[in-house]
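Enquirer: next input, structure requested:
(2 chains)
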Amino acid sequence: MMKKLLLSLAVIGFLAGCASTDTQKSADVTEGKPSVPPASTDTQKPKPPPTVATPLPPSDAKGGDPLDPLNPKSMLNQQRSVFFDYDSVVVKDEYKPLVSAHARYLVANRTQKITIEGNTDERGSREYNIALGQKRADSVRQMMVLLGVKEDQIEAVSFGEEKPRNQGHDEASFSQNRRSDIRYTGDK
Amino acid sequence: MNNKNLRSLFLLWLLFSGGAFAQLKIEITGFGSNQLPIAILPLKGEEALPQKVTEIVAADLYRSGLFKIVDSGGVNPLPSEPSEVQFPTWKSRGADAVVIGSVSAMPNGNWDVRFRLMDVLKQSQITGFAYQVNASQLRNTAHKIADAIYEKMTGDVGVFSTRITYVVRRGTRFELQVADADGFGAQTVLASNEPIISPSWAPDGNRIAYVSFERRKPIVYIQSLVTGQRTVAANFKGSNSAPAWSPDGRRLAVVLSKDGNSQIYLINADGSGVTRLTNTGTIDTEPNFSPDGQHLIFTSDRGGSPQIYRVAVGGGAPERLTFDGTYNVSPRYAPDGKSFVFIQRAGGRFNVAMQDFVSKQAQSLTENGIDESPSFAPNSKIILYATEVRGRGILAAVSSDGRVRQRFSAEAGDVREPAWGPLTKNP
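Expert: Sure thing, here's the model as predicted:
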């Protein structure tokens, strides 16, 4: 009973943290321009990455369990991505409820395993980006472990810049590619 | 024939000799300051071959940017022996050296190919070899001849008979390919619907280690180019990447995240004997062995930004090598051990730079701004790297003095992740 209440609280916080309007459409990539980042990218604080507003799934029998990550209609299924600032591996406050919600599910379901897949934008060395993506995956992993998830439930891996979600070469695209994705064993 | 004509001819020949193999087209965009004038006469009897040997030799030497090909037209009869060479003719045409020779069919179906490199001023032979080869070895024989001429005239080892590897991406398809150093005869080693990165040649030239994402995580494989068979070299929990061979071919340096973050480990080529080399809470990656096998250079952000460090293979305190800028990555030793190349970010642009170990001076070699993955030719004279032209990934090469530049492009798709193979043993 207590566990369920905690879970519900976590979900509310999680939704509050993640729901925002999708106002940021990725800009068209100008052909012929070299994909060279601006000189000031080091210190630039990009706009928050676009997050998709997800309608709250109905918690009736038809929609299935809203807290089952394998149920396509659940928020644990739909909210799987943590976005990062340029050259940063820090999980921002706005994504902490999301990580907590997944952690709570994993604590309650000890046989469930996940992979956290770290990603980077395309700038810089491919191998260095593997290491940077690994740090992003490890940041999420460490947070989950602090919340009680067992190490053997999690494998943190990196795709570096190799599997971009957005193929564009502008900051709007890059911000979608600086990401850790949570993938459940059993996901299609 | 002047350079321009030869270049047109070469490009035409590239267009029409595609055949069954994919290939990379090569374009020269810079030349050496001192070009050695050489006349390359058709080998007597080579018109019987499907591909004239001297065309390949001339294209190799021309592409190096260090030779000026002197017009050899209108000579009748063609000399094939030193006594038949009219040295005053070649002197008046400005040639320092002239290549002559012959090709003849042998009773067993093989070809006898022989050439002599003659010094025009001294009117004497500089070098000469004879090869008995089958038809499939003729291209390679031409590259060996070009290597021999290059070595005698420049004093450096020729690399025309070596091979390169690289990754081609077409849409969602990735192919690890191996081709001759002139881009011909490309063959697919591995095709996958998931990315392939970081190919690394074993010193014997018969195996390539690489990273494949086909199992939804980076895993290091070693594949034989002879049998096509492959083995898993590193598949630990987490990411496995950045393989680099030791010069004796027995061990690999790899980057594993199994103990928490990306760190450098040494493993045997069969995957056994894992030894941790670096031990930091930061990123340590992109290891590369020194030619003597005693040190590794690598990228680390232990100082707050990614920089190049050097550490003894036996361990100990690493020494920082780069200090300019906040992003210096992807170091590779020159095969002569005197310098290393790396990618340097300056003002948001990524260029190939080279740094001398003794003077510690770094020099920028390229200015494309989007360059990555530099790799030395085995003679330390050319650096192959990946760049982009109009949004497409291509390979490019620059001489270590920054003067000679080449571009390699495939007919379709992005080409990236080049690695220049080792010297091949003479047959």
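Enquirer: report all helices and strands that the host helix or strand of A:K96 contacts.
Expert: Using DSSP states H and E, A:K96 sits within helix A:96-108. Judged by 3 or more CB pairs under 8 Å, 6 or more residues apart in numbering or on different chains; DSSP states H and E, helix A:96-108 is in contact with helix A:2-18, helix A:75-78, helix A:126-146. Any C-beta I mention is one placed from the backbone N, CA and C, and that applies to glycine too.
Enquirer: hang on, A:P164 in a strand?
Expert: No: the assignment for A:P164 by DSSP: H, G, I helix; E, B strand; the rest coil gives coil, which leaves it out of any strand.
Enquirer: any weak-confidence spans in chain B?
Expert: By pLDDT under 70, the weakly predicted segments of chain B are B:1-22, B:425-427.
Enquirer: can I get the helix holding A:K96 as CSV, trimmed to CA atoms?
Expert: Taking Å, rounded to 0.1, in the frame of the first residue of the first chain, the C-alpha atoms of helix A:96-108 are listed here in CSV:
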residue,chain,number,x,y,z
LYS,A,96,15.4,13.5,-11.8
PRO,A,97,11.7,12.6,-11.3
LEU,A,98,11.9,10.6,-14.5
VAL,A,99,15.0,8.7,-13.3
SER,A,100,13.3,8.2,-9.9
ALA,A,101,10.1,6.8,-11.4
HIS,A,102,12.1,4.2,-13.3
ALA,A,103,14.3,3.4,-10.2
ARG,A,104,11.2,2.8,-8.1
TYR,A,105,9.8,0.4,-10.6
LEU,A,106,13.1,-1.5,-10.8
VAL,A,107,13.3,-1.6,-7.0
ALA,A,108,9.8,-3.1,-6.9
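Enquirer: run the angle between it and helix A:126-146 for me.
Expert: 60 degrees (axes from the mean of the first three to the mean of the last three CA atoms, to 10 degrees).
Enquirer: re earlier: mean pLDDT lowest where, among the helices and strands packed on helix A:96-108?
Expert: For the helices and strands packed on helix A:96-108, mean pLDDT drops lowest on helix A:2-18, to a mean of 44.
Enquirer: and the particular helix or strand that has B:A39 in it, what's buried?
Expert: In the assignment (DSSP H and E), B:A39 maps to strand B:36-40. Residues of strand B:36-40 classed as buried: B:36-40 (neighbour count, 16 or more other CB atoms under 10 Å in any protein chain shown).
Enquirer: lowest average confidence, helix or strand, in chain A?
Expert: None of the helices or strands of chain A scores lower by mean pLDDT, DSSP states H and E than helix A:2-18, at a mean of 44.
Enquirer: circling back to that earlier point, what mean pLDDT does the helix holding A:K96 have?
Expert: Helix A:96-108 comes out at a mean pLDDT of 96.
Enquirer: any idea which helix or strand comes after it?
Expert: strand A:114-119.
Enquirer: for B:L296, what are phi and psi?
Expert: Backbone torsions of B:L296, given as degrees, to the nearest 10, read phi -130, psi 140.
Enquirer: check contacts around the nearest residue to it once chain neighbours are set aside.
Expert: Distances taken as CB to CB, 6 or more residues apart in numbering or on different chains put B:P287 closest to B:L296, at 4.8 Å, once the chain neighbours are dropped. Residues near B:P287 by CB atoms under 8 Å, 6 or more residues apart in numbering or on different chains: B:242, B:244, B:253-255, B:264, B:277, B:296-298.
Enquirer: tell me which element the nearest residue to A:D121 once chain neighbours are set aside is part of?
Expert: Among residues not flanking A:D121 along the chain, A:F174 sits closest, at 3.7 Å (CB to CB, 6+ apart). For A:F174, the element it lies in under DSSP H and E is helix A:171-177.
Enquirer: got the CA positions of that helix in CSV?
Expert: The C-alpha coordinates for helix A:171-177 follow below in CSV (Å, rounded to 0.1, in the frame of the first residue of the first chain):
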residue,chain,number,x,y,z
GLU,A,171,21.9,22.9,-32.1
ALA,A,172,18.2,21.9,-32.0
SER,A,173,19.2,18.5,-33.5
PHE,A,174,22.4,18.2,-31.3
SER,A,175,20.3,18.8,-28.1
GLN,A,176,18.1,15.8,-29.0
ASN,A,177,21.2,13.6,-29.5
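Enquirer: which parts of the stretch 151-300 of chain B sit against chain A?
Expert: B:195, B:197-198, B:211, B:213, B:216-218, B:237-239, B:241-242, B:255, B:257, B:260-262, B:283-286, B:299 (CB under 8 Å from any CB of the partner chain).
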